[in-house]
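Colleague: Provided below are the primary sequence and the corresponding predicted coordinates.
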Amino acid sequence: MQRKLYLVGALCLCLLLQACGQATDKAYGLMLKGLYNHNVPVITPAQLGAALQQKSHPVLLDTRSEEEYNVSHIAGARLVEYDNFDPSRLKDVPKDTPLVVYCSVGLRSERVGEKLKKAGYTNVTNLYGGLFEWVNQGQPVYNSQGKTDKVHAFSKSWGVWLRKGEKVYE
């Protein structure tokens, strides 16, 4: 109950800040703090961007739906879908492989990260702020045609957190 009140307060703060024309970065951070269980370490978009430039980089797992993934995703990401996630589908990935899970804001991906840790994966991180924060910080996303500005915003209420890119809701 306390967590729900925290999230409602964060959303109200966000809406107030938007109405006043102020940036929502602090409100977004507050919302994420209440949303996450903090059982999976996070990696920032800047840290992930740097890691992806290395020869040996982490495996990216997109935990969103196929519909969301098809709109755009981080280059090289593997779709694993939160709704029907099964760690056994990753039997080709060694348990010590660096894995980065992500979704729109990091909630679904954190839950998948928890399942991966329970399945014995030892190097799992969650992209802080999810794909929304990745795009908000100017990082690129791709679809089957190449680089795109489109991002599946999940819903109008969640889409308020996406400040850059072209929001797609279908």
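Modeller: Received the coordinates, thanks.
Colleague: any chance you could map the helices in this structure?
Modeller: All helices of the chain, identified by DSSP state H, fall at 2-19, 25-35, 45-51, 66-71, 107-118, 130-136, 156-159.
Colleague: which among those is found nearest to T148?
Modeller: helix 66-71 (7.9 Å; C-beta to C-beta). In this view, the C-beta of every residue, glycine as well, is placed from N, C-alpha and C.
Colleague: from K115, how far out is the spatially most central residue of the chain?
Modeller: Centroid-nearest residue in the chain, with C-alpha atoms, centre = their mean: G130, separated by 2.1 Å. Noted for G130: a distance of 17 Å to K115, by C-beta to C-beta, to the nearest Å.
Colleague: the closest residue to R78 other than its chain neighbours: neighbouring residues, count only.
Modeller: Nearest in space to R78, with sequence neighbours left out and distances taken as C-beta to C-beta, 6 or more residues apart in numbering, is L61 at 5.6 Å. Residues near L61, counting by other C-beta atoms under 10 Å, number 24.
Colleague: any idea how far V168 is from L61?
Modeller: 21 Å.
Colleague: got it, and A77?
Modeller: Taken as C-beta to C-beta, the span from A77 to V168 is 17 Å.
Colleague: who's more crowded, these two?
Modeller: A77 (21 against 18).
Colleague: wait, isn't the residue nearest to R78 in contact with T97?
Modeller: No - contact between L61 and T97 fails when scored by C-beta atoms under 8 Å: they sit 10.6 Å apart.
Colleague: still on that earlier bit, deepest in the core, which of the helices of the chain is it.
Modeller: Counting by mean count of other C-beta atoms under 10 Å, helix 130-136 has the highest mean neighbour count of the helices of the chain, with a mean of 26.
Colleague: state the mean pLDDT of that one.
Modeller: Confidence for helix 130-136, expressed as mean pLDDT, is 97.
Colleague: which strands or helices does that helix pack on?
Modeller: With contacts defined as 3 or more C-beta pairs under 8 Å, 6 or more residues apart in numbering; DSSP states H and E, helix 130-136 has these neighbours: helix 45-51, strand 99-102, strand 141-143, strand 150-152.
Colleague: for S65, which of the ones you listed is the nearest?
Modeller: Closest to S65 of those is strand 150-152 (C-beta to C-beta; 8.2 Å).
Colleague: model confidence over that closest one, on average?
Modeller: Mean predicted confidence for strand 150-152 is 98.
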